[in-house]
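In: Have a look at this prediction, sequence included:
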Amino acid sequence: MKTIYFLLALLAAPQLAEHAKAPAYPKPDDRYKADILVVVAHPDDDTSIAGYLPRAIYEEHRRVAVIYATRGEGGGNAVGNERGAALGAEREIEARRALASFGVTNVWFLDAPDTPAQDVLRSLEHWDHGSILGQVVRLVRLTRPEVILTWLPVCVAGENHADHQAASVIANEAFDLAGDSTAFAEQLATSRSREHNLEGLNPWQPKKIYYFSDAFEAQGYWWQTSPESSPFRKNFLDGAGPLYETTETSPSRHVPYARLAAEETSFYLSQEGTIGKKAVETGNFSDFEYPVPLVFGKSLVGGSTTGDVFEGVVPESAVSFKRNPGVESPAGRGLLLELGGPWAFYREFWKAHDLGHLAQLLPVPEVAIGPGSQLQVPLIVRNGTSQSQEVSLSVTAPAGWIDETPYKVYPLRPLEAYPVQALLRASATTKPGWQEISWKAEAGGRQIESITLRVCLCGGAMPQ
Ligand SMILES: [Zn+2]
């Protein structure tokens, strides 16, 4: 009986042509290929680099795609009554029209909620971090960018928008994950069978990542008045990456890049678009004649810090994925005082993503507040000893500041970290400018450590 079954099975087998050649495997869809993928938080964030993008698009024929994490529905409306979701619907169209003026049409909005805050972790929490990250990884694999441009993942004195930094955190994470076949593997094609094709994407490793900043030093049409410059240091963006002049004339468009930037900005009428519109109408582009400073993030293809964005990039070539080495934070020994919150997050984030050099941009941390405002500073006191400790905190601030921190002494069990919210109020009459505030921790009559924060009391220099 067994022999008969075997013969029947042979007869039922399909007749395959000898050495039949399979059809070519479909290539990724070229309509979505990007040289530059811009990852930002809100419609109009792209205007920060509107002096650079036309150079890449018109002179170098780079393909640009843009991801907006939110629709910017949280702000005010400069021209109409619409607010909230209705305003978000308008802003999506403003952004699409603005980018279309550069010929950019591959634009995605990810539905994260617009979150006005200063702490990157607050936005990541509101956004549902993992969901937005999965979507950005998908779009990196779809667009296969050579370069990612995003906000600077550093706490700065300036706008320091939490959404901007959340967009950056996710863009950096996606840079490191999109090439990893074990990350969001459900997006990848594992075979041609329908069951295993899933989303049909391939891993993709971008080659370089650069940043732009909303610090005071990143000058642009969006600051109402001249931002305060710090007397304590030089412009931290100097030499941190390539700088693109906007007063130069585009050889292919025969107009200055400042004009192209003003034209792109003019579509954002619900925000500051009238500044761009007026510039175009009057032919006065002085508000757009600031150079665009980029900050070098990292490169897998070499190139120098201040060299061109595409230095070292061979378009369409593949670079192999390399997993970042795991970073172990050494266990704290003794008693330590550190800045907490977003500063503590970034200390570890930069190490985890091979961006250690970003710690050197602003070695003394900075914030900006308005006169009379309360300054909230997260601190962490660590007890790395095997004994319980009592740590006293004291603050040194210039005249006019009031310490509103409710407690001065903190009990710590062995190996415990105590998060402290230090509260200080700036006097409403204190002169605008930069000041230094420091905290000192003592235990058993002995000073442990002190930390310094530079504060800009910047009354008039807040974003429009
Ligand atoms: Zn924004």
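Out: Looks like it arrived, so ask away.
In: Show me what residue of the protein gets nearest to the ion.
Out: residue 42 (3.5 Å; CB to the ion). C-beta coordinates here come from the backbone N, C-alpha and C atoms, glycine included.
In: That residue: what's its closest spatial neighbour, skipping adjacent residues?
Out: residue 72 (3.8 Å; CB to CB, 6 or more residues apart in numbering).
In: So the residue of the chain closest to the ion, which state does it fall into?
Out: Following DSSP: H, G, I helix; E, B strand; the rest coil, residue 42 is assigned to coil.
In: Please apply the same query to residue 418.
Out: Secondary structure state of residue 418, per three-state DSSP, is strand.
In: Ok, residue 447 next?
Out: Here residue 447 is strand, with the state taken from three-state DSSP.
In: What pLDDT is listed against the residue of the chain closest to the ion?
Out: Residue 42 is assigned 98 on the pLDDT scale.
In: and what of the one 10 residues further on?
Out: According to the per-residue confidence, residue 52 scores 98 in pLDDT.
In: got any ranges where the stretch 151-300 of the chain has weak pLDDT?
Out: In the predicted model, the stretch 151-300 of the chain carries pLDDT under 70 at residues 191-197, 224-227.
In: Just say helix, strand or coil for the residue most central in space within the chain.
Out: In the chain, the residue lying closest to the centroid (CA atoms, centre = their mean) is residue 168, at 1.7 Å. Under the three-state scheme (three-state DSSP), residue 168 adopts helix.
In: Residues of this structure that sit close to the ion?
Out: Residues of the chain lying close to the ion by CB under 5 Å from the ion are 42, 45.
In: Please report how far residue 38 lies from residue 344.
Out: Residue 38 sits 28 Å away from residue 344, going by CB to CB, to the nearest Å.
In: oh sorry, the question was meant for residue 19
Out: Residue 19 is 62 Å from residue 344, by CB to CB.
In: Looking at the two now, which is surrounded by more residues?
Out: Ranked by neighbour count (other CB atoms under 10 Å), residue 19 and residue 344 place residue 344 first, with 17 against 5.
In: Next, the more buried one: secondary structure please.
Out: Assigned with three-state DSSP, residue 344 falls in the helix class.
In: List the residues that contact it.
Out: Residue 344 sits next to 338, 378, 380 when contact means CB atoms under 8 Å, 6 or more residues apart in numbering.
In: Please tell me I have it right and residue 97 contacts residue 269.
Out: No: judged on CB atoms under 8 Å, residue 97 makes no contact with residue 269 at a distance of 10.0 Å.
In: Comparing the two, which residue is more hemmed in?
Out: Neighbours per residue (other CB under 10 Å) separate residue 97 from residue 269, with residue 269 holding more: 17 against 13.
In: So what's the residue count around the residue nearest to residue 373 when sequence neighbours are not counted?
Out: Leaving aside its chain neighbours, residue 373 sits nearest to residue 426 (6.0 Å; criterion: CB to CB, 6+ apart). If you count neighbours by other CB under 10 Å, residue 426 ends up with 22.
In: Relative to residue 450, how far out is residue 426?
Out: As judged by CB to CB, residue 426 and residue 450 stand 20 Å apart.
In: Same check on residue 220?
Out: With CB to CB as the criterion, residue 220 and residue 450 are 36 Å apart.
In: which one of the two has more residues nearby?
Out: A count of neighbours by other CB under 10 Å puts residue 220 above the other of residue 220 and residue 450, at 24 against 14.
In: Would you mind pulling the contact partners of the helix or strand containing residue 367?
Out: Per DSSP states H and E, residue 367 falls inside strand 366-369. Defining contact as CB under 8 Å, 6+ apart, one finds that strand 366-369 is touched by 118, 155-158, 160, 216, 230, 375, 377, 426, 453-458, 461-462.
In: Not counting its own residues, what contacts stretch 298-311?
Out: Contact with stretch 298-311 is made by 35-36, 56, 60, 62, 146-147, 149, 205, 207-210, 239-243, 294, 296, 312-314, 319, 322, 353-355, as judged by CB under 8 Å, 6+ apart.
In: Where do the helices of the chain begin and end?
Out: 2-12, 53-54, 84-100, 120-127, 129-143, 162-177, 194-197, 257-265, 273-282, 341-352 (DSSP state H).
In: can you tell me which of those helices comes nearest to residue 25?
Out: When the helices of the chain are compared by CB to CB, helix 194-197 sits nearest residue 25, at 11.5 Å.
In: Surely residue 135 touches residue 110?
Out: Yes: the pair residue 135 / residue 110 is scored as a contact, 5.2 Å apart, by CB under 8 Å.
In: Residue 385 against residue 336, yeah?
Out: No: using CB under 8 Å, residue 385 is not in contact with residue 336, being 10.4 Å away.
In: All the strands of the stretch 251-400 of the chain, residue numbers only.
Out: In the stretch 251-400 of the chain, the strands defined using DSSP state E, counting those that start in this stretch lie at 292-293, 295-299, 335-339, 366-369, 374-383, 389-396.
In: Quick one: list the elements packing against the third one.
Out: Counting contacts by 3 or more CB pairs under 8 Å, 6 or more residues apart in numbering; DSSP states H and E, the secondary-structure elements packed against strand 335-339 are strand 374-383, strand 389-396, strand 433-443, strand 446-457.
In: Residue 253 is nearest to which of these?
Out: Among the helices and strands packed on strand 335-339, the nearest to residue 253 by CB to CB is strand 446-457 (37.9 Å).
In: taking the mean pLDDT, what do you get for that closest one?
Out: For strand 446-457, mean pLDDT is 92.
In: CA-only coordinates of it in CSV, if you can.
Out: The C-alpha trace of strand 446-457 is given here as CSV (Å, rounded to 0.1, in the frame of the first residue of the first chain):
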residue,chain,number,x,y,z
ARG,A,446,31.2,68.1,54.7
GLN,A,447,30.5,69.5,51.2
ILE,A,448,29.8,66.8,48.7
GLU,A,449,29.4,68.6,45.5
SER,A,450,27.9,71.6,43.8
ILE,A,451,26.2,72.2,40.5
THR,A,452,25.7,75.4,38.5
LEU,A,453,22.9,76.4,36.2
ARG,A,454,23.0,79.5,33.9
VAL,A,455,19.7,81.3,33.7
CYS,A,456,18.7,83.8,31.1
LEU,A,457,16.0,86.2,32.4
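In: 3 is where my numbering starts, stick with that
Out: Happy to do that; since the first residue is 3 now, the last one works out to strand 448-459.
In: Does that strand pack against any helices or strands, and if so which?
Out: Here strand 448-459 touches strand 337-341, strand 368-371, strand 376-385, strand 435-445, going by 3+ CB pairs under 8 Å, 6+ apart.
In: Many thanks, I have nothing further to ask.
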